[in-house]
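*Asks:* here is a sequence with its predicted model. Questions after.
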Amino acid sequence: MPRDGKSSLIQRIANKAKATFKNCAPADSKAFAAQRSELSALLSELRAADLSISPPKRSSSSSAGPGSSAPVTYMHICETDAFSMGVFLLRRGASIPLHDHPGMNGMLKVLYGKVRIRCFDKLERPQNASEAGGGGPSPPQSLSPSQSQMSSQQAPVWLSVLRSTGEFTEHSGPCLLTPLRENLHQIEAVEGPAAFLDILAPPYDPDEGRDCHYYRVIHAVGGEAGQNSKEETWLLEIPQPDDFWCGGEPYPGPQVAL
């Protein structure tokens with residue numbers, strides 16, 4: 001608690017997140033939208049110094065955190081049944097692969113560095129690459145042998161749309177996701193290491209059907225996959241990539257009590 005008796009900014013953010021997400025209101029609810037707008041305004045004020053973190057020194061700029069060999073590390077701040085909150089730190093050139101947040105809302109606020117985020121929406125139920133499209137776009141047949149084998153045996157293929165691509169810095173507002181819109185995203189550090197605060201509501205919980213799944217863009221409906229917003233693409237569900245894992249490190253900032 002700050003010496004002047006006022007709550008820290010991260011404590012106020014946590015309090016607002018608890019109030020916003022405690023009842024899991026529908027995303028189109030006016031009350032929920034108002035609460036999320038207030039939370040977004042608080043997040044826009046947040047800077048790395050508020051959490052007692054800073055970019056790594058130039059001599060160690062390839063590291064996500066002190067002594068870490070992981071491409072990405074995570075600082076846990078707090079978690080309740082309604083939401084989780086923590087900080088992801090990305091090494092120079094690191095990327096969090098395309099992944100989903102089943103049934104979850106999310107808010108991401110960059111603390112230092114720059115990240116590029118690509119967001120996708122799933123458009124319909126998963127299909128197998130050998131299935132017919134049922135009158136709509138058909139899953140691609142021009143997969144590599146390994147992709148074809150994976151898809152035909154077990155992995156779903158999803159028709160999706162590339163909803164947005166953007167770059168975010170500490171001066172940007174939060175990036176938002178909902179259970180239905182921009183729920184899948186890929187996050188990569190640009191031009192150096194980066195860090196962002198992450199709020200997920202409710203938290204991941206495999207027992208409740210909220211497990212993380214990874215995807216690869218394999219084909220654009222109209223041709224090669226590109227960067228244009230609202231371009232339809234096929235996504236192949238894949239195992240967690242071998243070159244991605246997430247380490248942990250202590251959170252040094254103001255403590256949060258809920």
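*Replies:* Looks like it arrived, so ask away. The structure presented is a predicted model; accordingly, all values stated were derived computationally and were not measured.
*Asks:* on the three-state scheme, Ala31 is what?
*Replies:* Judged by DSSP: H, G, I helix; E, B strand; the rest coil, the three-state class of Ala31 is helix.
*Asks:* for it, give its distance to Ala49.
*Replies:* To Ala49, Ala31 is 33 Å away according to C-beta to C-beta, to the nearest Å. For glycine as for every other residue, the C-beta is placed from the backbone atoms N, C-alpha and C.
*Asks:* now Met75
*Replies:* For Met75, the distance to Ala49 - C-beta to C-beta - is 15 Å.
*Asks:* who has more neighbours, those two?
*Replies:* The neighbour comparison of Met75 against Ala49 (other C-beta atoms under 10 Å) goes to Met75, with 21 against 11.
*Asks:* check which helix or strand the more buried one maps to.
*Replies:* Following DSSP states H and E, one finds Met75 within strand 72-79.
*Asks:* how about that strand: buried residues?
*Replies:* 72-75, 77-78 (16 or more other C-beta atoms under 10 Å).
*Asks:* what's the answer for stretch 30-46, then?
*Replies:* Buried residues in stretch 30-46 (16+ other C-beta under 10 Å): 32, 35-36, 39-40, 42-43, 46.
*Asks:* same question for stretch 211-220.
*Replies:* Neighbour counts over stretch 211-220 (16+ other C-beta under 10 Å) mark 213-215, 217-220 as buried.
*Asks:* low-confidence ranges in this structure?
*Replies:* Low-confidence segments of the chain, defined by pLDDT under 70: 1-5, 24-28, 59-68, 125-154, 220-230.
*Asks:* and the strands in it?
*Replies:* Using DSSP state E, the strands of the chain run over 72-79, 84-90, 95-99, 105-112, 115-122, 157-168, 175-177, 184-189, 194-201, 214-220, 231-238, 246-248.
*Asks:* take those and lay them out in TSV including distance to Ala14.
*Replies:* TSV is the format used below for the strands of the chain (distance: least, C-beta to C-beta, whole Å):
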stretch	distance to Ala14
strand 72-79	6
strand 84-90	6
strand 95-99	23
strand 105-112	12
strand 115-122	22
strand 157-168	21
strand 175-177	18
strand 184-189	22
strand 194-201	9
strand 214-220	29
strand 231-238	33
strand 246-248	20
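*Asks:* and of those strands, who's closest to Ala257?
*Replies:* Ala257 lies closest to strand 72-79 among the strands of the chain, at 8.3 Å (C-beta to C-beta).
*Asks:* tell me which residues are up against that closest one.
*Replies:* By C-beta atoms under 8 Å, 6 or more residues apart in numbering, the residues outside strand 72-79 that reach it are 10, 14, 53, 64-65, 84-91, 94, 96, 203, 244-253, 256, 258.
*Asks:* for the nearest residue to Arg47 once chain neighbours are set aside, list the residues it contacts.
*Replies:* In space, and not counting its chain neighbours, Arg47 is closest to Glu170: 6.1 Å by C-beta to C-beta, 6 or more residues apart in numbering. For Glu170, the contact set (C-beta under 8 Å, 6+ apart) comprises 47-48, 110-113.
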